[in-house]
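# Have a look; sequence and predicted model below, questions after that.
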Amino acid sequence: MRKSRSSAANARGTNRCSDGTPGWPGPPVSTRRTPREAFASSPAPTCRCSIPGRRPDQSSGTSSSEHVKPAMPAHGAASCSDGRGCRAEAGPEAARRPAARQTRRLRRSTNLIVDGYRPTLRRVNVNSNHMRIGVLTGGGDCPGLNAVIRAVGRRSWARGHEVVGVREGWRGMIEHWFEPLGPQEISGILPRGGTIVGTSRTNPYKVDGGVDRVRDGFSQLQALVAIGGEDTLGVAARLHEDFGAPVVGVPKTIDNDLAGTDYTFGFDTAVSVCVEAIDRIHTTAESHNRVMVIEVMGRHTGWIAVHSGIAGGADVILIPERPVDLDEVEHEIRRRHARGKNFSIVVVSEGCELPGAEDKGEVDQFGHRLLAKRGVGERLGEEIESRTGFETRVTVLGHIQRGGSPTARDRILATRFGVKAADLVEEGAFGQMAALRGDDVIAVSLAEATAELKTVPLEWYELAKTFFG
């Protein structure tokens, strides 16, 4: 007659999960080594052995030391092989096996069979440096934001950290709008434009009680990765300076006007969109003998206008760094037409100051003029047509420059920035920003990066002027 399962277990009773306490199996100690400094003064990580369908009264009460020492089992005891299953081995054969070989087999074994049950081994995170890391995107969106979020998540999860998304920029820190970010949430977002966590132009220092609520929000996070431009990172730098907030930055702006980094992600995609538009407008301008004015983004700097204008073969380029001289614009267009060219392409930054033009006086929470209603391109087109008599049309590219899939360059740069930001968090190097210098991604202080804008130098504009007219 066959023995009952419990009595058979008590008879075999050597490879049972137990911590020595009668009535419930405890965790065996894993011998796998880990390089993390967190375990320098502690035993190796542990594995929890969970046995489906087992009850406390079915425990054999064997000591947990049996799971650590490579003791040779008694005759007929269950012994684990090299991961392909378990088999019963005779005592004399087990005795002849070298102890070192038994130890290696025990370390590799993951498929224990206990009393006929195959337990599930769950690796328990015993990292004492576990962190909850927030990620926010602030200011205008741009291609590549999701690539940064993905990189921060992948790098941080590999180290045992938790990642959460902070909804709608600094507004989410004020309202404590946090949501989990896991592999499912970031799956497939690398080529996607926009940002999966949303964004806003909220300035906590302009909201009543905003800073105190942000500080309360940090009580739920051990670190924050702020992805943004001069405004978003300016808030991050100030919070770190005022209160030592554990924040690191990632430079994001299609304007490419952040100091401390050679390029920001999003810029390459915006320039590519503008160049494609200029190429298309060239053909219709030539067909109708028209002057075509193309308004591109650039609040304070003309990086997009200069790069897209040079790449697209513009005949006149106007940027905020240089005062607009309408007489000079008229001269260049007339000179071109005198050479037999009956069409012209004019690229202008939205932030240019036109003579006689007045702003509406509307500003956002960071004190910036709202450019949507300025109509720089329309006003410039009217001036050109009235001065030259040439038929003029205006195209405002607007937010088409922000949307769509990022270029390969922006995907790679955003990914490198995200990985660097996660590394800075791991090192505890708060108050720093990932930056591109040459072809290297380095860390610079947020204070340095947001101290001033990076404007278009004179030599760049002189290069563009070579091809005017």
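Noted; the coordinates are in hand. Residues are numbered from 1 along each chain as shown.
# got the contact list for the nearest residue to Gly428 once chain neighbours are set aside?
The shortest distance from Gly428 to any non-neighbouring residue, by Cβ to Cβ, 6 or more residues apart in numbering, is to Pro246 (7.9 Å). Any C-beta I mention is one placed from the backbone N, CA and C, and that applies to glycine too. By Cβ atoms under 8 Å, 6 or more residues apart in numbering, Pro246 lies in contact with Phe218, Leu221, Gln222, Ala223, Leu224, Val425, Gly428, Phe430.
# make it 10 Å
Counting by Cβ atoms under 10 Å, 6 or more residues apart in numbering, Pro246 touches 131, 133-134, 218, 221-224, 239-240, 425, 428, 430-431.
# Please apply the same query to Arg334.
Ser344, Arg387, Thr388, Gly389, Phe390, Gly469.
# Redo those as TSV? Include neighbour count, pLDDT and secondary structure.
Converted to TSV, the contacts of Arg334 look like this (neighbours: other Cβ atoms under 10 Å; pLDDT from 0 to 100; DSSP: H, G, I helix; E, B strand; the rest coil):
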residue	neighbour count	pLDDT	secondary structure
Ser344	27	96	strand
Arg387	16	95	helix
Thr388	17	95	helix
Gly389	9	94	coil
Phe390	17	95	coil
Gly469	16	78	coil
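# domain ranges for this structure?
5-123, 132-266+406-449, 270-402 (automatic domain parsing).
# can you tell me which of these the model trusts least?
Of all these, domain 5-123 carries the lowest average pLDDT, namely a mean of 41.
# For the residue lying closest to Thr137 once chain neighbours are set aside, give me phi and psi.
Counting by Cβ to Cβ, 6+ apart, Thr137 lies nearest to Thr195, which is 4.3 Å off, once chain neighbours are set aside. Main-chain dihedrals, Thr195, degrees, to the nearest 10: phi -150, psi 130.
# correct me, but Thr195 touches Arg150?
No - judged on Cβ atoms under 10 Å, Thr195 makes no contact with Arg150 at a distance of 11.3 Å.
# Now list whatever residues contact both of the two.
Joint contacts of Thr195 and Arg150 (Cβ under 10 Å, 6+ apart) are Ile189.
# Go through stretch 186-199 and flag the buried ones.
Neighbour counts using 16 or more other Cβ atoms under 10 Å place Ile186, Ile189, Leu190, Arg192, Gly193, Gly194, Thr195, Ile196, Val197, Gly198, Thr199 of stretch 186-199 among the buried residues.
# Could you work out the end-to-end span of that stretch for me?
17 Å (Cα to Cα, to the nearest Å).
# any chance you could map the helices in the stretch 101-250 of the chain?
145-157, 170-175, 183-186, 210-218, 230-243 (DSSP state H, counting those that start in this stretch).
# Can you show me the CA trace of the first one as PDB?
Extracted as PDB, the C-alpha positions of helix 145-157 are listed here (Å, rounded to 0.1, in the frame of the first residue of the first chain):
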ATOM      1  CA  LEU A 145      10.500  63.000 -25.200                       C
ATOM      2  CA  ASN A 146       9.300  59.400 -25.100                       C
ATOM      3  CA  ALA A 147      12.700  58.100 -26.000                       C
ATOM      4  CA  VAL A 148      14.100  59.700 -22.900                       C
ATOM      5  CA  ILE A 149      11.300  58.300 -20.700                       C
ATOM      6  CA  ARG A 150      12.000  54.800 -22.200                       C
ATOM      7  CA  ALA A 151      15.700  55.100 -21.500                       C
ATOM      8  CA  VAL A 152      15.300  56.300 -17.900                       C
ATOM      9  CA  GLY A 153      12.900  53.400 -17.200                       C
ATOM     10  CA  ARG A 154      15.000  50.700 -18.800                       C
ATOM     11  CA  ARG A 155      18.200  51.800 -17.000                       C
ATOM     12  CA  SER A 156      16.500  52.200 -13.700                       C
ATOM     13  CA  TRP A 157      14.500  49.000 -13.700                       C
END
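# Which secondary structure elements does that helix sit against?
strand 132-137, strand 162-166, helix 183-186, strand 223-228, strand 247-251, helix 408-427 (3 or more Cβ pairs under 10 Å, 6 or more residues apart in numbering; DSSP states H and E).
# still on that earlier bit, for the buried residues of stretch 186-199, give me CSV that also has distance to Arg299.
Compiled in CSV, those are given as follows (distance: Cβ to Cβ, whole Å):
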residue, distance to Arg299
Ile186, 31
Ile189, 27
Leu190, 28
Arg192, 25
Gly193, 20
Gly194, 20
Thr195, 20
Ile196, 25
Val197, 24
Gly198, 22
Thr199, 16
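# Sitting in strands, which of these do you find?
Counting by DSSP state E, no part of these is found in strands.
# Now do the phi/psi pair for the nearest residue to Arg167 once chain neighbours are set aside.
Nearest residue to Arg167 in three dimensions, chain neighbours excluded: Trp177, at 3.7 Å (Cβ to Cβ, 6+ apart). Dihedral angles of Trp177 (phi, psi; degrees, to the nearest 10) stand at phi -90, psi 90.
# could you dump the contacts of Pro246 to a markdown table with neighbour count and distance to Pro251?
Formatted as a markdown table, the entries for the contacts of Pro246 read as follows, by neighbours: other Cβ atoms under 10 Å; distance: Cβ to Cβ, whole Å:
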| residue | neighbour count | distance to Pro251 |
| --- | --- | --- |
| Met131 | 19 | 23 |
| Ile133 | 26 | 18 |
| Gly134 | 27 | 18 |
| Phe218 | 18 | 22 |
| Leu221 | 20 | 21 |
| Gln222 | 17 | 23 |
| Ala223 | 24 | 18 |
| Leu224 | 26 | 16 |
| Leu239 | 25 | 17 |
| His240 | 22 | 16 |
| Val425 | 25 | 16 |
| Gly428 | 12 | 21 |
| Phe430 | 18 | 16 |
| Gly431 | 20 | 15 |
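# Mind telling me the two of the residues you listed farthest from one another?
Met131 and Leu239 (17.9 Å; Cβ to Cβ).
# Would you check how far apart the residue nearest to Thr137 and Asn146 are?
6 Å (Cβ to Cβ, to the nearest Å).
# any shared contact partners between these two?
Thr137, Ile189.
# Count the residues that sit near Glu175.
Neighbour count of Glu175, defined by other Cβ atoms under 10 Å: 16.
# What residues of the longest helix belonging to the chain count as buried?
Under DSSP state H, the helix in the chain containing the largest number of residues is helix 267-288. Within helix 267-288, the residues scored as buried using 16+ other Cβ under 10 Å are 267-275, 277-278, 281-282, 285.
# cool, stretch 148-165 as well?
148-157, 159, 161-165.
# Regarding it, how distant is the last residue from the first?
First-to-last distance for stretch 148-165 - Cα to Cα - comes to 12 Å.
# Quick check: closest non-adjacent residue to Met433.
Using Cβ to Cβ, 6+ apart, the nearest residue to Met433 is Gly249, at 3.7 Å.
# Which residues are in contact with that neighbour?
Here Gly249 is in contact with 224-228, 232-234, 236-237, 240, 258, 260, 417, 421, 424, 430-435, 443-446, 449-450 (Cβ under 10 Å, 6+ apart).
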